[in-house]
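A.B. asks: Let's see this in three dimensions:
(one chain, ligands or ions: 3)
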Amino acid sequence: MSVISSENVNAIIRKTLSLVNPKIIAHGEITGYILYKMLEYENLYSEQELVDYTMLGILHDIGIYKEENVKDVVDFETKNLWTHSIYGFLFLKYLSPMGEKAEIVLYHHLDFNRYPLINSKYMHIIECLNLADKMDTFMHMKNAEMPPDYFSRYRDIAFSGRALDLFFRAERVFHITEKLAGDAYQEELNRLLSKQVFSEKYKKGFLEMLVYTIDFRSEHTVVHTMSTVNFAEQLGRLMRISGVELRNLYYGALLHDIGKLCIPLNILESSGRLSEEEMKVMKAHVRITEMILEGIVDDDVLQIAVRHHEKLDGSGYHKGLTEAELTLPQQIVAVADILSALYGKRSYKEAFDSEKIKAILNSDASNHKISQKVVDCLMMNYDSVIANYEAKKEATVGLYLKIKEQYTEMSKMFEKFNR
Ligand SMILES: [Fe+2]
Ligand SMILES: [Fe+2]
Ligand SMILES: [Fe+2]
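C.D. replies: Ligands and ions are numbered 1, 2, ... in the order given. The predicted structure is shown next:
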């Protein structure tokens, strides 16, 4: 059995991103659908290509999730065009399984009359996505920034006339706007995306992209997730976990804090001790994680993810389970989570030295909060666990820094496109 079905890859993306802002994902799905129907009409693409382009259509505004306060769709689509285009491009390029096609998203706001300035083998998909995006913006936000005669007035200036003609041909055959008025388009999207059997690698890529894109709001959270995954995997191997169980451990650790997407940044990045009220909000991330993953991922993965704050003596949250109810992988992620928090630099603390970390973990174990067996195993291998993590950190945390760096560079490069 796989961790997540192909169908549920789309479901988890929708569920997660809706929690941050339902308007953006709704806009993404409509845009993705319009793009899909335009390309389907042309009948030039393989099924995999159609799925990839539709996915890119759905995710074209994913760069917006970098912003803390996502307000109105009109707001982000008319101002700061390049901020979210560049972030979206970088997320998709480095974090998704569709990296090679990510430039389609980079140029989704580029005006048609500037196309000669760029060079991409995806020019046609770019002009179609640009139009699909504008179509939805036009249909839903007529009264905002778009003049009513937009499509006649700005033909071949702001958008491609060829793409518009294609849209109308597809509209005559597929009745796109009619489908969009009801819910029929969502079923059709689901059908397309589930028909395609994603490889395990493709699905893993999407889950990682989702987690890291969301975590990107807060540097501490990204680094924390990455190191928890790494520590849990290492401890799992050391404790002779293998096969499906090890795979579940990996996904459980990867998804364990996904619910933090609903926690405000001022709490995630708080530099002081959290007040009681703030702590309550913070603790809610476990329930949110449960809500997101329920019915979507394998149940073993779900349970590993949502039990990382349980304590062996029953004093943890959110269920207050006890040792007998907690499996070894669940106990491992609980230890990996604490180790990651102690080892990493957090907003409220500097990194601790190894003596202090060991002392805290040992005392937690002897107080029957976390597994003595897991802690013993960690103590015996402490230096190599840390060394392995440090060696692999480049590939993960380094990627995060690279994205930030490239963002700054590209923003300068793209200044010339600003009106
Ligand atoms: Fe956009
Ligand atoms: Fe958009
Ligand atoms: Fe947590």
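A.B. asks: ok, the residue in the stretch 101-250 of the chain positioned nearest to ligand 2 - how many residues close by?
C.D. replies: Here the stretch 101-250 of the chain gets closest to ligand 2 at one residue, residue 133, 4.2 Å apart by Cβ to the ion. (C-beta placed from N, C-alpha, C; glycine too.) Counted by other Cβ atoms under 10 Å, the residues lying close to residue 133 total 24.
A.B. asks: Let me see the residues that make contact with stretch 153-168.
C.D. replies: Where contact means Cβ atoms under 8 Å, 6 or more residues apart in numbering, the residues beyond stretch 153-168 that reach it are 34, 38, 41-42, 111-113, 115, 127-128, 130-132, 134-135, 147, 150-151, 176.
A.B. asks: repeat that with 7 Å
C.D. replies: Stretch 153-168 is contacted from outside by 38, 41, 111-113, 127-128, 130-131, 134-135, 147, 151, using Cβ atoms under 7 Å, 6 or more residues apart in numbering.
A.B. asks: do stretch 198-214 as well
C.D. replies: Under the contact criterion Cβ under 7 Å, 6+ apart, stretch 198-214 has outside partners 2, 4, 6, 9, 12-13, 16, 62, 65, 91, 95-97, 222, 225, 254-255, 258, 261.
A.B. asks: Average pLDDT for it, rounded please.
C.D. replies: Taken as a whole, stretch 198-214 has a mean pLDDT of 84.
A.B. asks: ok, and for it, which residues are buried?
C.D. replies: Judged by neighbour count using 16 or more other Cβ atoms under 10 Å, the buried positions of stretch 198-214 are 198, 202-214.
A.B. asks: got the residues of the stretch 101-250 of the chain near ligand 2?
C.D. replies: For the stretch 101-250 of the chain, the contact set with ligand 2 under Cβ under 5 Å from the ion comprises residue 133.
A.B. asks: quick one: low-confidence ranges for the stretch 101-250 of the chain?
C.D. replies: Within the stretch 101-250 of the chain, the set of residues satisfying pLDDT under 70 comprises 141-145, 196-197.
A.B. asks: show me what contacts the residue of the stretch 101-250 of the chain closest to ligand 2?
C.D. replies: 31, 60, 108.
A.B. asks: Inside helices: which ones of those?
C.D. replies: With DSSP state H as the criterion, helices contain residue 31 from among the contacts of residue 133.
A.B. asks: Show me this protein divided up by domain.
C.D. replies: 6-197, 218-404 (automatic domain parsing).
A.B. asks: So which of those domains is nearest residue 417?
C.D. replies: Among the domains of the chain, domain 6-197 comes nearest to residue 417, with 6.6 Å by Cβ to Cβ.
A.B. asks: Please, which helix or strand holds residue 254?
C.D. replies: Assigned by DSSP states H and E, residue 254 falls within helix 243-255.
A.B. asks: Kindly report the same for residue 287.
C.D. replies: helix 276-293.
A.B. asks: List the contacts of the following helix or strand past that helix.
C.D. replies: Counting by DSSP H and E, the next helix or strand C-terminal to helix 276-293 is helix 299-306. If you take Cβ under 7 Å, 6+ apart as the criterion, helix 299-306 is touched by 3, 248-249, 251-252, 255-256, 286, 289-290, 293-294, 329-330, 333.
A.B. asks: Distance of residue 302 relative to residue 129?
C.D. replies: Distance, residue 302 to residue 129, using Cβ to Cβ, to the nearest Å: 34 Å.
A.B. asks: Between those two, which has more neighbouring residues?
C.D. replies: Neighbours per residue, other Cβ under 10 Å: of residue 302 and residue 129, the larger number sits with residue 129, 27 against 21.
A.B. asks: you'd agree that one is up against residue 61?
C.D. replies: No - applying Cβ atoms under 7 Å, one finds residue 129 not in contact with residue 61, separated by 10.9 Å.
A.B. asks: give the contact list for residue 181.
C.D. replies: Under the criterion of Cβ under 7 Å, 6+ apart, residue 181 has no neighbours.
A.B. asks: any idea how far it is from residue 175?
C.D. replies: With distances taken as Cβ to Cβ, residue 181 is found 10 Å from residue 175.
A.B. asks: which residue packs closest to residue 118, ignoring adjacent ones?
C.D. replies: By the measure of Cβ to Cβ, 6 or more residues apart in numbering, the closest residue to residue 118 outside its immediate chain neighbours is residue 107, 6.3 Å from it.
A.B. asks: That should have said residue 251, apologies.
C.D. replies: Closest residue to residue 251 apart from its sequence neighbours, by Cβ to Cβ, 6+ apart: residue 301 at 4.5 Å.
A.B. asks: ok, now how distant is the one you found from ligand 2?
C.D. replies: Distance, residue 301 to ligand 2, by Cβ to the ion, to the nearest Å: 32 Å.
A.B. asks: any idea which helix is longest in the chain?
C.D. replies: Under DSSP H, the helix in the chain containing the largest number of residues is helix 372-413.
A.B. asks: closest to residue 307 among the contacts of residue 133?
C.D. replies: Among the contacts of residue 133, residue 60 lies closest to residue 307 (Cβ to Cβ), at 35.8 Å.
A.B. asks: Was I right to think that closest one contacts residue 108?
C.D. replies: Yes - counting by Cβ under 7 Å, residue 60 does reach residue 108; the two are 5.2 Å apart.
A.B. asks: anything in contact with each of these two?
C.D. replies: Common neighbours of residue 60 and residue 108 (Cβ under 7 Å, 6+ apart) are 129, 133.
A.B. asks: Give me the phi and psi for residue 311.
C.D. replies: Backbone torsions for residue 311, taken as degrees, to the nearest 10, come to phi -120, psi 150.
A.B. asks: quick one: what helix or strand has the nearest residue to it once chain neighbours are set aside in it?
C.D. replies: In this structure, residue 311 finds its nearest non-sequential neighbour in residue 369, 4.5 Å apart by Cβ to Cβ, 6+ apart. Assessed by DSSP H and E, residue 369 sits outside every helix and strand.
A.B. asks: What's the local residue count around residue 369?
C.D. replies: Residues near residue 369, counting by other Cβ under 10 Å: 18.
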